[in-house]
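Novice: Provided below are the primary sequence and the corresponding predicted coordinates.
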Amino acid sequence: MDEKELVALLQKGDKGAFGELYHRYKRKLYYNFRKLLKSESQAEELLQQLFVKIWENRLSLDPDKVFKAYLFRIAENLVYDFFRKASRDKNMGAILMTVATENYSHIEEAIYSKEREALINRAVASLPPQRRHVFTLCKLEGKTYEEVSVELGISTSTINDHIVKATRSVREYLFVSKEFALLFLLAFFIK
């Protein structure tokens, strides 16, 4: 069953759909939490909090939006909340300093990643409307050519043509962008 169907069922309170989504993402989320928090117990606790929030907010889920992005945004907010609370706790001060120091390069990488993402979004926005729509559906939302073909009523070969041309245009945009060159150089010299 695809993710869109699972989210629609979850909205209706289907526990099986909830369980399936949990099993699809628990490992990656747990690994990310553990990597950031350096604590198995804290990682498990945040994972539980995350899925409790998903269950509690299931009625507000939009099956047409990418569930994975929503899930990871909540995870990110939970980590921020954890560090905010930890900074208030004097006993956690030393642990927080250690984790913050170890994760500094990770934070820098995340900043550069967001800047690259914004630049790529500008490149995609510069595409003609139909090509941008096809590119967004296939590359950013992860839909297959067949799904997009049915949705837009155009052939898969036309979709392939749009993707090839859009990819070429995005690469050219990035190549001539001074911002991308600067980001690339910064990332290269920092590592």
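Specialist: Done, it's in.

Novice: where do the strands sit along this structure?
Specialist: For the chain, applying DSSP state E gives no strands.

Novice: and the nearest residue to F51 once chain neighbours are set aside, how far is that from W55?
Specialist: Nearest non-adjacent residue to F51, counting by Cβ to Cβ, 6 or more residues apart in numbering: Y22, 5.6 Å away. All C-beta spots, glycine's among them, are computed from the backbone N, C-alpha and C. Noted for Y22: a distance of 9 Å to W55, by Cβ to Cβ, to the nearest Å.

Novice: ditto for T136
Specialist: For T136, the distance to W55 (Cβ to Cβ) stands at 29 Å.

Novice: again, but for K26
Specialist: Taken as Cβ to Cβ, the span from K26 to W55 is 14 Å.

Novice: kindly report the same for Q130.
Specialist: For Q130, the distance to W55 - Cβ to Cβ - is 39 Å.

Novice: ditto for R122
Specialist: 37 Å.

Novice: next: V7.
Specialist: According to Cβ to Cβ, V7 stands 12 Å off from W55.

Novice: looking at these two, which is more packed in?
Specialist: V7 (22 against 13; other Cβ atoms under 10 Å).

Novice: wait, what's in contact with that one?
Specialist: Neighbouring residues of V7 by Cβ atoms under 8 Å, 6 or more residues apart in numbering: A17, L21, L61, D62, P63, F67.

Novice: rerun that using 10 Å as the cut-off
Specialist: Taking Cβ atoms under 10 Å, 6 or more residues apart in numbering, we find V7 in contact with 17-18, 21, 54, 58, 61-67, 70.

Novice: with A75 instead?
Specialist: Going by Cβ under 10 Å, 6+ apart, A75 touches Y25, K28, L29, N32, F33, L36, L46, L47, Q49, L50, K53.

Novice: can you check I74 too?
Specialist: Neighbour list for I74: L29, L46, Q49, L50, F51, K53, I54, N57 [criterion: Cβ under 10 Å, 6+ apart].

Novice: now with 7 Å?
Specialist: Contacts were defined as Cβ atoms under 7 Å, 6 or more residues apart in numbering; by that measure I74 touches L50, K53.

Novice: gap between it and F135?
Specialist: I74 is 27 Å from F135, where distance means Cβ to Cβ.

Novice: now swap in F83 and tell me
Specialist: Counting by Cβ to Cβ, the gap from F83 to F135 is 36 Å.

Novice: so between those two, which is more surrounded?
Specialist: The residue with more neighbours, out of F83 and F135, is F135; 23 against 16, by other Cβ under 10 Å.

Novice: quick one: pLDDT of the residue nearest the centre of the chain?
Specialist: Nearest to the geometric centre of the chain sits A69, at 4.2 Å (Cα atoms, centre = their mean). Note on A69: pLDDT of 85.
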